[in-house]
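*Asks:* take this sequence and fold it.
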Amino acid sequence: MPPEWAEQEWIWIGFPAAADLWEDDLAPAQAQVAAFANAIAESGQQVRLGVRDEESEAAARALAHSSVVFERHPYGDIWIRDTGPLIVRTQGGERLAQGFGFNGWGEKYLLDGDQETGASLAEAGGFAYRKADWVLEGGSIDPDGTGLVVTTEQCLLNPNRNPDLSRDEIAAHLTAELGFKRILWLGEGLLGDHTDGHVDNLARFVAPGEIAIPIATSDDDPNATVYDDAAQRAADFGLTVHRIPSAGLYGEEDAEPASYMNFVIANTVVVVPIYGCANDAAAVEAIGKLFPGRKAVGLMADAVLTGGGSFHCCSQHVPLA
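*Replies:* Below you'll find the model as predicted:
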């Protein structure tokens, strides 16, 4: 599985369509996802925006850049990082759409269409589709291109995913299906994350052997200990750790998993979700410095977050052949 910063042919993005799921946040979320798609499309990279039906396609067309390509796909919700396939290369160099079992993030959200998303995307992309017989979501792993992958124990070892698989058996599967030879196991993910600690909200590789992890900047940050534990584990593993200001406590009642780590690496831009927090500008600047050949763009994602994720969660990149 190539790293996200490898040159991409296009990027898929899921467009919010389910009024019963998004309720009053549907139109704001659609506008924010469209702004995300447009930021990449305006850079010259192809964006394929997944829509579900005629109504959602009409809404998307009214908001999207003229170069955006529209594709009809079945999906329950937009989180195609988890329901869609991961594009890998075989030993012969061919691209392959690697699918996995999906059980609604541990049986929490079982929606019609999500089981068909992977095969549909693979067919539209012209890829052979292979599906593994165990549960894995794309947002739960992040590779650095050297055979190293980072994940969290909270997610991959959670009994609500693969209760019959041991840590060693999961590691063997990561090698067999995705080619990883080493695993950095982090502990817990963000508080309030219904994915049970997806790593793309916590820690992201930015170069081979280099990883970005938030740091708390206020005493009320509910994830301060989680961030520090992850940073210590990464440092002990021998990685260079870049600390990025966190979004801090977010949410009027319960803490919500607002994270700048859910950024998307495209060919010439890095799109960073922001939430109207004090550290928005500082985080975009800090992440931008880690990608000197790309422009860092901060875009509001507060409405998208109401659906349970952000820009990385609703997208899937396709490495160049």
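
*Asks:* quick one: the residue lying farthest from the centre of the chain and residue 191, what's the gap?
*Replies:* Distance from the C-alpha centroid of the chain, by C-alpha atoms, centre = their mean, peaks at residue 219 (27.6 Å). As judged by C-beta to C-beta, to the nearest Å, residue 219 and residue 191 stand 15 Å apart. The C-beta positions use only the backbone N, C-alpha and C, and glycine is treated the same way.

*Asks:* likewise for residue 297?
*Replies:* 27 Å.

*Asks:* who has more neighbours, the two?
*Replies:* More crowded of residue 297 and residue 191, by other C-beta atoms under 10 Å: residue 297, with 21 against 17.

*Asks:* quick check, pLDDT for the more buried one.
*Replies:* pLDDT for residue 297: 98.

*Asks:* a strand runs through it, doesn't it?
*Replies:* Yes. Going by DSSP: H, G, I helix; E, B strand; the rest coil, the assignment for residue 297 places it inside a strand.

*Asks:* I figured it hits residue 271, correct?
*Replies:* Yes. Here residue 297 reaches residue 271: they are 5.2 Å apart, a contact under C-beta atoms under 8 Å.

*Asks:* any shared contact partners between the two?
*Replies:* Residues touching both residue 297 and residue 271 (C-beta atoms under 8 Å, 6 or more residues apart in numbering): residue 39.

*Asks:* specify the local secondary structure of residue 97.
*Replies:* The three-state label given to residue 97 by three-state DSSP is strand.

*Asks:* equivalent analysis for residue 57, please.
*Replies:* helix.

*Asks:* quick one: it and residue 46, what's the gap?
*Replies:* Counting by C-beta to C-beta, the gap from residue 57 to residue 46 is 18 Å.

*Asks:* OK, contacts around residue 280?
*Replies:* By C-beta under 8 Å, 6+ apart, the residues touching residue 280 are 247, 274, 298.

*Asks:* quick one, what contacts the second one?
*Replies:* I take that to be residue 274. 260, 280, 283, 284, 298, 299, 300, 301.

*Asks:* now it: closest residue in space that isn't a chain neighbour?
*Replies:* residue 280 (4.0 Å; C-beta to C-beta, 6 or more residues apart in numbering).

*Asks:* if we can go back for a sec, residue 57 and residue 46: who's more crowded?
*Replies:* residue 57 (19 against 16).

*Asks:* count of neighbours near the nearest residue to that one once chain neighbours are set aside?
*Replies:* Sequence neighbours aside, residue 51 is the residue nearest to residue 57 in space, at 4.2 Å (criterion: C-beta to C-beta, 6+ apart). Residues lying near residue 51 (other C-beta under 10 Å) number 22.

*Asks:* was I right to think residue 51 contacts residue 60?
*Replies:* Yes. The pair residue 51 / residue 60 is scored as a contact, 5.3 Å apart, by C-beta under 8 Å.

*Asks:* which neighbours do these two share?
*Replies:* Common neighbours of residue 51 and residue 60 (C-beta under 8 Å, 6+ apart) are 15, 70.

*Asks:* the longest helix in the chain is where?
*Replies:* Assignment by DSSP state H gives helix 26-41 as the longest helix of the chain.

*Asks:* the helix or strand following it: how far from the chain's middle?
*Replies:* Once helix 26-41 ends, the next helix or strand along the chain (criterion: DSSP states H and E) is strand 46-51. With C-alpha atoms, centre = their mean, to the nearest Å as the basis, strand 46-51 stands 16 Å off its chain's centre.

*Asks:* quick one: average pLDDT of strand 46-51?
*Replies:* Average pLDDT, strand 46-51: 98.

*Asks:* likewise stretch 147-154?
*Replies:* Averaged across stretch 147-154, pLDDT comes to 98.

*Asks:* give me the distance from it to the chain's centre.
*Replies:* Its chain's C-alpha centre and that of stretch 147-154 lie 14 Å apart, by C-alpha atoms, centre = their mean.

*Asks:* how about stretch 5-13?
*Replies:* Distance, stretch centre to chain centre, for stretch 5-13: 13 Å (C-alpha atoms, centre = their mean).

*Asks:* poorly predicted segments of this protein, please.
*Replies:* In the predicted model, the chain carries pLDDT under 70 at residues 253.

*Asks:* can you pull up the bridge partners for the residue nearest to residue 57?
*Replies:* Beta-bridge partners of residue 51, counted by DSSP bridges, are residue 72.

*Asks:* against residue 114, how distant is it?
*Replies:* According to C-beta to C-beta, residue 51 and residue 114 sit 15 Å apart.

*Asks:* list the contacts of the closest residue to residue 36 other than its chain neighbours.
*Replies:* Excluding its sequence neighbours, the residue lying closest to residue 36 (C-beta to C-beta, 6+ apart) is residue 311, at 5.1 Å. Contacts of residue 311 were listed using C-beta under 8 Å, 6+ apart, and they are 33, 36, 262, 263, 264, 271, 273, 299, 301, 304.

*Asks:* and the furthest pair within those residues?
*Replies:* 33 and 263 (14.8 Å; C-beta to C-beta).
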